[in-house]
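> How does the following fold in three dimensions:
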Amino acid sequence: MIIDTAIRTPSFQQKTPGPSAAPNGTAFADMLTKAAGLYRDFTRMTPNDMKTAAKKLFDDGKIDLHQLGMLQMAGPLGKVGPNGQFIPFTPAEKAQIDNTPVNYIQMTKDAIAGIESRGQASSPTSGYRDWKALNALLTQQQGVR
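Coordinates of the predicted model:
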């Protein structure tokens, strides 16, 4: 009887991403950083990613339920039809919007500027305090894991 003592291991072939997976060094570095969860980049975050990040901020007690909604529902909801009627986005349009990066820090600044330009900064119903708080928080959390 012959006993084979050699250890047999399955052969694994490492797959490397093709050129379409990472068009340049920056995109590849961003992909690795995002995959590793090393930082939050609120200046270039998709709405899908913001939903997750905002939920974490809420769960951590850094924002309230109203502010959670402000971040998760920011952006367009639909289109205006030829007669001024509301037309919801198609699933394909919604998917494209949900995966297009947004500068959320700039968005908060724009909301603040719009409220100020209308002279409503002191109005308790304008959302001004919430936008200011969100701007300060996102700026402070920029780059934090």
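> from here on, contacts and neighbour counts on C-alpha atoms
OK.
> so how many other residues sit close to residue 95?
Residues lying near residue 95 (other C-alpha atoms under 10 Å) number 13.
> correction: residue 60
Per other C-alpha under 10 Å, the neighbour tally for residue 60 reads 10.
> Strands of this protein, start to end?
Shown for the chain, the strands assigned by DSSP state E span residues 78-80, 86-88.
> Output those strands in JSON lines; the columns should cover mean pLDDT, mean neighbour count and distance to residue 62.
Output for these, formatted as JSON lines (pLDDT from 0 to 100; neighbours: other C-alpha atoms under 10 Å; distance: least, C-alpha to C-alpha, whole Å):
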{"stretch": "strand 78-80", "mean pLDDT": "94", "mean neighbour count": "12", "distance to residue 62": "30"}
{"stretch": "strand 86-88", "mean pLDDT": "96", "mean neighbour count": "13", "distance to residue 62": "32"}
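> And residue 97, how far from residue 41?
18 Å (C-alpha to C-alpha, to the nearest Å).
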